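Colleague: everything below, folded, please.
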Amino acid sequence: MNGYLLLQIATSIVPTQTALIDAEKQWTYDELLREGMRVAGSLKPHVTIGDTVGIVLTNRVEYIAVLLACWQLGVVAMPMNTRLKEAEREALLADVACVVTESRYEEQSFHVPVVYVE
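Modeller: Okay, the predicted model is just below:
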């Protein structure tokens, strides 16, 4: 059982209860599940089961939604440090099917499909 399946169970029991809180947002279990499904929909055209997805995000609630999307699709989530030098980033990108990031990193060259979350 993975985190996506556990979230489905929690959502069926307490959909309106708070699941995540950060300085800017508060998500219920239902909202978190829906956001994970939305991200999964954005990722699906770029990945197949077993692929690796690079995650270039700061600490934010959307990070959890990306992990949930990866688990839902059966792909490997690979966190990538936002401060990597270009050569380090390029070495890691050799193993990914796509990258999930935020618009503040759009100037970085990823050379693979990019999905933005905000």
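Colleague: what's the closest non-adjacent residue to Ser79?
Modeller: Rather than Ser, residue 79 is Pro. Among residues not flanking Pro79 along the chain, Ile55 sits closest, at 5.0 Å (Cβ to Cβ, 6 or more residues apart in numbering). (C-beta placed from N, C-alpha, C; glycine too.)
Colleague: dig out what that neighbour forms beta bridges with.
Modeller: Pro79, Val100 (DSSP bridges).
Colleague: ok, it - how many residues close by?
Modeller: Neighbour count of Ile55, defined by other Cβ atoms under 10 Å: 19.
Colleague: ok, it to Leu73 distance?
Modeller: 13 Å (Cβ to Cβ, to the nearest Å).
Colleague: next one: Glu102
Modeller: Distance of Glu102 to Leu73, computed by Cβ to Cβ: 20 Å.
Colleague: more neighbours, these two?
Modeller: Taking other Cβ under 10 Å, Glu102 and Leu73 do not tie; Leu73 has more neighbours (21 against 16).
Colleague: residues contacting the more buried one?
Modeller: Shown in contact with Leu73 (Cβ atoms under 8 Å, 6 or more residues apart in numbering): Ala40, Leu43, Lys44, Val47, Ile49.
Colleague: for it, what are phi and psi?
Modeller: Main-chain dihedrals, Leu73, degrees, to the nearest 10: phi -90, psi -10.
Colleague: and Asp22, by the same measure?
Modeller: phi -130, psi -170.
Colleague: with adjacent residues omitted, what lies nearest to it?
Modeller: With Cβ to Cβ, 6+ apart, the residue lying closest to Asp22 is Val61, at 5.1 Å.
Colleague: please apply the same query to Lys25.
Modeller: Counting by Cβ to Cβ, 6+ apart, the residue nearest Lys25 is Val61, at 5.3 Å.
Colleague: residues touching the one you found, list them.
Modeller: Shown in contact with Val61 (Cβ under 8 Å, 6+ apart): Leu20, Ile21, Asp22, Lys25, Trp27, Leu32.
Colleague: swap the cut-off to 10 Å and go again
Modeller: Residues in contact with Val61 (Cβ atoms under 10 Å, 6 or more residues apart in numbering) are 19-27, 31-32, 35, 117.
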